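*Asks:* Pasting the sequence and the predicted model now:
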Amino acid sequence: MQLRADSLDAHLTKSLATLYVITSDEHLLALEAADKIRKTARSQGFSERDVLTVDRSFKWGELLAANQSQSLFGDKKLIELRIPTGKPGKDGGQALQSYTGQLSADNVTLITLPKLDWATQKAVWVASLQQAAVFIDIPLIERVQLPSWIGVRLAAQGQSADKQGIDFIADRVEGNLLAAHQEILKLGLLHDNGKLSFEQIQDAVLNVARYDVFKLSEAMLAGDVARLVRMLEGLKGEGEALPLVLWAVAEEIRTLLKLKSGMAQGRPLGMLLKEHRIWGPRERWMEPALRRLTLSTLETALQEAAQIDKMVKGLRAKAFSGDTWDAMLQLGLKIARG
């Protein structure tokens with residue numbers, strides 16, 4: 001049974017399943033969902049708890065043993081299985097398939113995994129879990145969705161803010177949902193219910209952005225110039241290594257060039273995206289970027305990336321005004337603007 005995270009509260013008021021699976025890279029939301037299941041299990045008498053983490057030394061027999069062993073006091077049990085890599089391996093896949101056929105009414109099992117990649121989603125063990133469990137796949141909160149998410153969280157604690165205030169919070173917590181959560185809770189502690197002024201938000205919210213070099217590519221592909229500039233400034237201010245930033249941008253340009261060349265040969269974009277293993281949020285940004293950019297623009301951009309690489313290594317004189325970070329900005333803007 002597939003279940004949306006926002007439907008979990010309603011589900012838990014009606015029944016408690018014997019098996020739950022949470023898969024997500026959004027750690028805050030995954031943790032909140034798991035906490036709701038734990039709380040409900042405790043309230044229904046599942047007072048004993050076994051926590052198993054799959055690592056190199058883990059033996060899959062431990063999971064089966066936990067399910068079969070009886071509590072000394074006859075208590076019902078919550079079994080938590082954490083698979084941090086999302087890859088249980090051949091033995092683990094077989095053990096999970098077997099486990100779904102041995103579920104006990106005296107136990108509730110909670111399995112947590114990161115977001116499963118495209119290939120793993122097709123595995124037989126995943127299909128077994130999807131059939132036997134309440135399966136909760138929590139998507140990432142994308143940057144464009146963040147203001148709405150912040151507004152909902154503020155409303156849940158009896159507060160609200162106008163667009164300027166919400167955008168201010170979103171800008172300051174770039175790529176850090178947990179930080180957004182903490183700042184929202186802080187506003188709840190500092191101010192009464194009702195509408196918050198921009199000044200109240202500005203005074204309370206710290207600059208807690210954690211700029212992600214790979215999120216930079218998202219801003220570039222989306223053509224979001226303001227975000228691109230802000231993220232590059234943030235990466236520079238946090239002391240990020242410029243070669244890593246250049247590598248991430250250059251790899252994106254190479255991918256765009258391969259896709260554009262394939263399209264010029266008459267190949268369908270969907271086939272090309274699958275061939276280059278591009279899916280999820282990144283897939284959504286590729287099509288508008290490819291419409292915006294010409295083949296010659298991408299070829300020139302790749303040449304500029306090579307020149308910046310030489311600048312970083314001190315192998316040629318600066319070809320741009322300013323420093324190498326300025327050159328990096330110009331390259332990003334070329335792709336963002338088309």
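*Replies:* Received the coordinates, thanks.
*Asks:* Where does pLDDT dip in the chain?
*Replies:* Low-confidence segments of the chain (pLDDT under 70): 70-74, 175, 207-210, 315-322.
*Asks:* 80 instead?
*Replies:* Within the chain, the stretches with pLDDT under 80 are 69-75, 174-175, 206-212, 214, 279-282, 313-322.
*Asks:* out of all of them, which helix in it is the longest?
*Replies:* Determined from DSSP state H, the single longest helix within the chain is helix 242-264.
*Asks:* Can you mark which positions in it are buried?
*Replies:* 242, 245-246, 248-250, 252-253, 255-257, 259-260, 262 (16 or more other C-beta atoms under 10 Å). For glycine as for every other residue, the C-beta is placed from the backbone atoms N, C-alpha and C.
*Asks:* Figure out how far it is from the centre of its chain.
*Replies:* Its chain's C-alpha centre and that of helix 242-264 lie 22 Å apart, by C-alpha atoms, centre = their mean, to the nearest Å.
*Asks:* Helix or strand next in line after that helix, which one?
*Replies:* helix 269-275 (DSSP states H and E).
*Asks:* Mind listing residues that contact that following helix?
*Replies:* Contacts of helix 269-275 with the rest of the structure, by C-beta atoms under 8 Å, 6 or more residues apart in numbering, involve K258, L259, G262, M263, W279, E283, M286, E287, L290.
*Asks:* And for the longest helix of the chain, what's in contact with it?
*Replies:* By C-beta under 8 Å, 6+ apart, helix 242-264 touches 213-214, 216-217, 220-221, 232, 235, 269, 272-273, 276, 278, 286, 289-290, 293-295, 298-299, 301-302, 305, 308-309, 312, 324-325, 328, 331-332, 335.
*Asks:* what do you get if the cut-off is 7 Å, keeping everything else the same?
*Replies:* Contacts to helix 242-264, defined as C-beta atoms under 7 Å, 6 or more residues apart in numbering, come from residues 213-214, 216-217, 220-221, 235, 269, 272, 276, 286, 289-290, 293, 295, 298-299, 301-302, 305, 308-309, 312, 324-325, 328, 331-332, 335.
*Asks:* Only whichever of those are buried, select them in ChimeraX.
*Replies:* Those of these that count as buried under 16+ other C-beta under 10 Å are selected in ChimeraX with:
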select :213,216,217,220,221,235,269,272,286,289,290,293,298,301,305,308,309,312,324,325,328,331,332,335
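*Asks:* Among the contacts of helix 242-264, name the ones in helices.
*Replies:* Per DSSP H, the contacts of helix 242-264 map to helices at 213-214, 216-217, 220-221, 235, 269, 272, 286, 289-290, 295, 298-299, 301-302, 305, 308-309, 312, 324-325, 328, 331-332, 335.
*Asks:* ranges for the strands of the stretch 51-200 of the chain?
*Replies:* Along the stretch 51-200 of the chain, the stretches classed as strands by DSSP state E, counting those that start in this stretch are 77-82, 107-113, 134-137, 159-161, 194-196.
*Asks:* buried residues in the first one?
*Replies:* Read that as strand 77-82. Of the residues in strand 77-82, those with enough neighbours to count as buried (16+ other C-beta under 10 Å) are K77, L78, I79, E80, L81.
*Asks:* Show me the beta-bridge partners of the second one.
*Replies:* To tie it back to what came earlier, the one meant is L78. R49, V108 (DSSP bridges).
*Asks:* how many other residues sit next to the closest residue to K77 other than its chain neighbours?
*Replies:* Ranked by C-beta to C-beta, 6 or more residues apart in numbering and with sequence neighbours excluded, the top spatial neighbour of K77 is E48, at 4.4 Å. Residues near E48, counting by other C-beta atoms under 10 Å, number 17.
*Asks:* Surely E48 is in contact with I79?
*Replies:* No: E48 is beyond contact range of I79, at 9.2 Å (criterion: C-beta atoms under 7 Å).
*Asks:* mind giving me the domain split of the chain?
*Replies:* Split into domains by automatic domain parsing, the chain comes to 5-137, 143-204, 213-337.
*Asks:* Next, work out how far apart E299 and I138 are.
*Replies:* With distances defined as C-beta to C-beta, to the nearest Å, the gap from E299 to I138 amounts to 40 Å.
*Asks:* go on, D9?
*Replies:* As judged by C-beta to C-beta, D9 and I138 stand 14 Å apart.
*Asks:* who's more crowded, those two?
*Replies:* I138 (21 against 11).
*Asks:* The longest helix of the chain vs helix 295-312, what angle?
*Replies:* Interaxial angle of helix 242-264 relative to helix 295-312 (axes from the mean of the first three to the mean of the last three C-alpha atoms, to 10 degrees): 160 degrees.
*Asks:* could you give the angle of helix 242-264 to helix 213-222?
*Replies:* 40 degrees.
*Asks:* tell me which of the buried residues of strand 77-82 is nearest to R42?
*Replies:* L78 (7.7 Å; C-beta to C-beta).
*Asks:* And that closest one, how close does it get to L64?
*Replies:* From L78 to L64 the distance is 16 Å (C-beta to C-beta).
*Asks:* Likewise for R56?
*Replies:* Taking C-beta to C-beta as the measure, R56 falls 19 Å from L64.
*Asks:* Which one of the two is surrounded by more residues?
*Replies:* L64 (14 against 4).
*Asks:* can you name the two of the contacts of helix 269-275 that are farthest apart?
*Replies:* M263 and W279 (17.7 Å).
*Asks:* What count of nearby residues applies to W285?
*Replies:* For W285, the neighbour count with other C-beta under 10 Å is 20.
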